[in-house]
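J.: Show me the folded form of this:
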Amino acid sequence: MFNSFFLLVAQFFPLQPGNQWIYRVDEGPVRDVRVAEITGVERFDETEYFLYRGLFGERASIRLNKQNQLVQRNADGTESIWADFNAAEGTSYPTSFDRCTGRARVESRDAFADVLDRVWVGGFRVSYAATSCADAGVTSDLYLPSVGLAERTFNTLTGPRRYTLTYARIGNASVIASGEYGFRISLDRRQYPTRARINLRLALENWTRDPLKLTFFSGQRFNYTIQNEAGDDAYNWSATRLFTAEIAELEVKGEKNWTSTDEIELKPGNYTLEAWLTHSDRGRPFRARIPFTVVKE
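T.: Numbers count the residues shown, from 1 in each chain. Got it, this is the predicted structure:
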């Protein structure tokens, strides 16, 4: 019963520690990037609140109540509304997330949005009345189902400034991004015994509008080495492997992963694993490093 209820009310603002949203301004005289995230959980009188750090570092304790309202806990223990996701289209409600932002009006419960390189439907779009603050305050918000706040427009001295979502990490594995690309590696542990099975994952991400094209001159797609504290190679993944002679083209749009599981024996100490893709553009390789420790069993 609890799980189904949580899924219902969480659709426009997913609340879970680790959730993160990155916003960017691409138009106007100011270029800016901001991060919002859920940093933890706290309880007051058996009520659970999520610790939220907003676009400008502001902090609040928030939750979704049974009325599908996003509310914050005030210093005196009362609650006030940030967003009323049950409000009907055309109706209004009071807001409290910013002193320079006035009463909210629901403009649409089925808004279209071109965000994160795709078209979304079912958005919850609200506008806000002006207050006595000059050239300040939020003028509109757009929330997307299962994603959260996707757009926020501020009034500024230089005109409206719109922050648009470019990356969202929701839950343990759901990542949605646009307009960027990168390469990263992950290990399954930070600390290993002297003889251990090491699981490595390499991830190439391309969330730009254009496909990323790579050419490989053999069956090998990646390599990695492990260096000790002195910088000497303690392990080279490709040293004991043979690869077919072939020319292969790879087009990446979205995310492409490679994995490797290897039994490795190392002396106790601190190490660095460095991994890279072996495509033909060796002058600009995708390369990353990650530290780990080996301890005596």
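
J.: Identify the residue nearest residue 293 in space, chain neighbours excluded?
T.: Leaving aside its chain neighbours, residue 293 sits nearest to residue 191 (4.8 Å; criterion: C-beta to C-beta, 6 or more residues apart in numbering). In short, each C-beta sits where N, CA and C put it, glycine included.

J.: which residues touch that neighbour?
T.: 292, 293, 294, 295 (C-beta atoms under 8 Å, 6 or more residues apart in numbering).

J.: Now, of those residues, which are buried?
T.: 292, 294 (16 or more other C-beta atoms under 10 Å).

J.: Need the contacts of residue 191 in JSON lines (columns: distance to residue 198 and secondary structure).
T.: JSON lines is the format used below for the contacts of residue 191 (distance: C-beta to C-beta, whole Å; DSSP: H, G, I helix; E, B strand; the rest coil):
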{"residue": "292", "distance to residue 198": "8", "secondary structure": "strand"}
{"residue": "293", "distance to residue 198": "12", "secondary structure": "strand"}
{"residue": "294", "distance to residue 198": "10", "secondary structure": "strand"}
{"residue": "295", "distance to residue 198": "14", "secondary structure": "strand"}
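
J.: Next one: the residue nearest to residue 293, what pLDDT does it get?
T.: At residue 191, the model reports a pLDDT of 95.

J.: related to what we said a few turns ago, of the contacts of residue 191, closest to residue 85?
T.: Closest to residue 85 out of the contacts of residue 191 is residue 292 (43.5 Å), distances taken as C-beta to C-beta.

J.: For residue 241, see how far away that closest one is.
T.: Distance of residue 292 to residue 241, given as C-beta to C-beta, to the nearest Å: 22 Å.

J.: Over to residue 199?
T.: Separation of residue 199 from residue 241 (C-beta to C-beta): 17 Å.

J.: what does residue 262 give?
T.: For residue 262, the distance to residue 241 - C-beta to C-beta - is 10 Å.

J.: Give me the phi and psi angles of the residue nearest to residue 293.
T.: As for residue 191, its main-chain torsions (degrees, to the nearest 10) stand at phi -140, psi 130.

J.: Quick check, residue 243 in contact with residue 217.
T.: No - the criterion here is C-beta atoms under 8 Å, and residue 243 misses it with residue 217 at 9.7 Å.

J.: in the stretch 51-200 of the chain, which spans are strands?
T.: Here the stretch 51-200 of the chain has its strands, by DSSP state E, counting those that start in this stretch, at 59-64, 69-73, 79-84, 92-93, 104-115, 118-128, 138-144, 148-156, 159-170, 174-177, 181-187, 191-193, 195-206.

J.: quick one, which of those strands is nearest to residue 29?
T.: Proximity to residue 29 (C-beta to C-beta) singles out strand 159-170 among the strands of the stretch 51-200 of the chain, at 8.4 Å.

J.: How is the protein divided into domains?
T.: Split into domains by automatic domain parsing, the chain comes to 2-174, 181-295.

J.: most neighbours per residue, which of these?
T.: With neighbours defined as mean count of other C-beta atoms under 10 Å, the domains of the chain peak in mean count at domain 2-174, which reaches a mean of 16.

J.: starting at the chain centroid, how far to it?
T.: Distance of domain 2-174 from its chain centroid, counting by C-alpha atoms, centre = their mean, to the nearest Å, is 15 Å.

J.: again with stretch 185-199
T.: 25 Å.

J.: Start and end of that stretch, how far apart?
T.: Using C-alpha to C-alpha, to the nearest Å, one end of stretch 185-199 lies 11 Å from the other.

J.: Would you check how far apart the closest residue to residue 109 other than its chain neighbours and residue 115 are?
T.: Spatially, and ignoring its direct neighbours in sequence, residue 109 is nearest to residue 89 (5.0 Å; C-beta to C-beta, 6+ apart). Using C-beta to C-beta, residue 89 is found at 20 Å from residue 115.
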